[in-house]
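Trainee: would you be able to build a 3D model of this:
(one chain, ligands or ions: 1)
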Amino acid sequence: MRLGFLFLSSSSSSVVGSSISRSIVRPAPSLLLHRPFHFIPNRTTTYSNRFQFSPRTTLTASASSMASTFKPEQARVPPALQLPSPPITKFKIGLCQLSVTADKERNIVHARAAIEEAAEKGAKLVVLPEIWNSPYSNDSFPIYAEDIDAGPDASPSTAMLSEAARLLKITIVGGSIPERSGDKLYNTCCVFDADGKLKAKHRKIHLFDIDIPGKITFKESQTLTAGETPTVVDTEVGRIGIGICYDIRFQELAMLYAARGAHLICYPGAFNMTTGPLHWELLQRARAVDNQLYVATCAPARDVGGGYVAWGHSTLIGPFGEVLATTEHDEAIIISEIDYSQIDLRRTNLPLEKQRRGDLYQLVDVQRSSSQ
Ligand SMILES: NC(=O)CC(=O)C(=O)O
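Mentor: The predicted structure is shown next:
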């Protein structure tokens, strides 16, 4: 068997944002110099001298010399950051699975009431669904879009989130809304701190273009532009990575957030009736268990009469891949507890970070690399 090597390209920059500007696919330098210890040459293939070796040499390598070539610290480029100490380690999270209508004003009032209810129930962090102020359709995005950077008058949806966060003294991961910026539209998530300040803005990086004939065809790229910046934000409730819906399918992004020291990844999302039953929970649990961190998702409630029928099932997953709280497809406010000591526990139980094979593969955080 010849060992394959996977080189992941990724991107990043500072803790509060950056973008995928280019990708790198390259062999680990060590691989060019050293053969994997169980490489067995295919005798029918011609190899350069560099790759020919005696199997006996391989078999005599000691366990300690093998371990010393693993270079786990090089599996993340730049090396992974330490998990930071969050201001609080144990708190309640509220996931507001909201019904969404064509009436934007109603959607804003309704979302505010749900945030208030979650805060009353003790939530220090509240998460909203993907596209909660507008129907999820390419026809609606341009009509409901708001210019977030132009201030509260131009963006009543984010003005409400800011005020609610300030008055309730909570952190809000504000789902997403269609954002207008110049002549472009984005699917954008805003994060507000307990002072009501906008801490981060994540524009959906991977646009949802799907075509399963007879089931679902949707092309966000018809109206939306992809974001360029992975988003990791330090808040009163820990370091949070943000992804929006389809972003959850790209494991490199979650790996990059873990390497940047995220405790939790929040994915506002609206999976559908075709992919939802098979993929929604699977992807959340995979992102959590692979990266040994918390994953929270928040979806709109299902509207069977709507153009796009959402799967619902907002969920909180723990760092061992366990479903801590979930719901069906109706409106719901999930309140559940996050305890970051579980991350340390699971990383001690399974020290994956120390066991990676930096000699065989690397995750390159392109933006963080280039900003150093
Ligand atoms: N709606 C999305 O962005 C993603 C989705 O429904 C899927 O990946 O399936």
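Trainee: the helices in the stretch 251-372 of the chain, which residues?
Mentor: 251-259, 281-291, 341-349, 352-355, 366-370 (DSSP state H, counting those that start in this stretch).
Trainee: closest one to the ligand among the ones you listed?
Mentor: For the ligand, the closest of these is helix 281-291, at 8.1 Å, according to Cβ to the nearest ligand atom. Just so you know, the C-beta spots here come from the backbone N, C-alpha and C atoms, and that holds for glycine as well.
Trainee: now what about the closest one, what contacts it?
Mentor: Defining contact as Cβ atoms under 8 Å, 6 or more residues apart in numbering, one finds that helix 281-291 is touched by 248-249, 251, 254-255, 257-258, 265, 267, 294-295, 297, 313, 315, 317-321, 323, 326.
Trainee: wait, what's in contact with whatever residue of the stretch 251-372 of the chain ends up closest to the ligand?
Mentor: Taking Cβ to the nearest ligand atom, the ligand has its nearest neighbour within the stretch 251-372 of the chain at residue 275, 3.2 Å off. When contacts are counted by Cβ under 8 Å, 6+ apart, residue 275 touches 210, 216, 311.
Trainee: separate out the buried members of the residues you listed.
Mentor: residue 311 (16 or more other Cβ atoms under 10 Å).
Trainee: just the pLDDT at residue 372, thanks.
Mentor: We have a pLDDT of 77 for residue 372.
Trainee: how many neighbours does the nearest residue to it once chain neighbours are set aside have?
Mentor: Once flanking residues are discounted, residue 372 sits nearest to residue 78: 6.1 Å by Cβ to Cβ, 6 or more residues apart in numbering. A count of nearby residues for residue 78, using other Cβ atoms under 10 Å, gives 16.
Trainee: who touches residue 78 in this structure?
Mentor: 365, 368-369, 372.
Trainee: format those as a markdown table; extra columns: distance to the ligand and neighbour count.
Mentor: Formatted as a markdown table, the contacts of residue 78 follow (distance: Cβ to the nearest ligand atom, whole Å; neighbours: other Cβ atoms under 10 Å):
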| residue | distance to the ligand | neighbour count |
| --- | --- | --- |
| 365 | 23 | 31 |
| 368 | 26 | 24 |
| 369 | 28 | 15 |
| 372 | 32 | 8 |
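Trainee: for these, which one is nearest residue 70?
Mentor: Nearest to residue 70 among the contacts of residue 78, counting by Cβ to Cβ, is residue 365 at 20.0 Å.
Trainee: where does that closest one land on pLDDT?
Mentor: 98.
Trainee: now swap in residue 352 and tell me
Mentor: pLDDT at residue 352 comes out at 97.
Trainee: and if you look at the one 10 residues further on?
Mentor: pLDDT, the model's per-residue confidence, is 97 for residue 362.
Trainee: skipping its backbone neighbours, what lies nearest it in space?
Mentor: residue 77 (5.1 Å).
Trainee: go on, residue 302?
Mentor: residue 329 (3.8 Å).
Trainee: that neighbour and residue 301 touch, don't they?
Mentor: Yes: applying Cβ atoms under 8 Å, one finds residue 329 in contact with residue 301, separated by 6.4 Å.
Trainee: list residues touching both of these two?
Mentor: Joint contacts of residue 329 and residue 301 (Cβ under 8 Å, 6+ apart) are 310, 312.
Trainee: quick revisit: okay, and the beta partners of the residue nearest to residue 362?
Mentor: residue 364 (DSSP bridges).
Trainee: can you check what pLDDT the model gives it?
Mentor: Taking residue 77 on its own, its pLDDT is 97.
Trainee: can you check residue 127 too?
Mentor: Value listed for residue 127 in the pLDDT field: 99.
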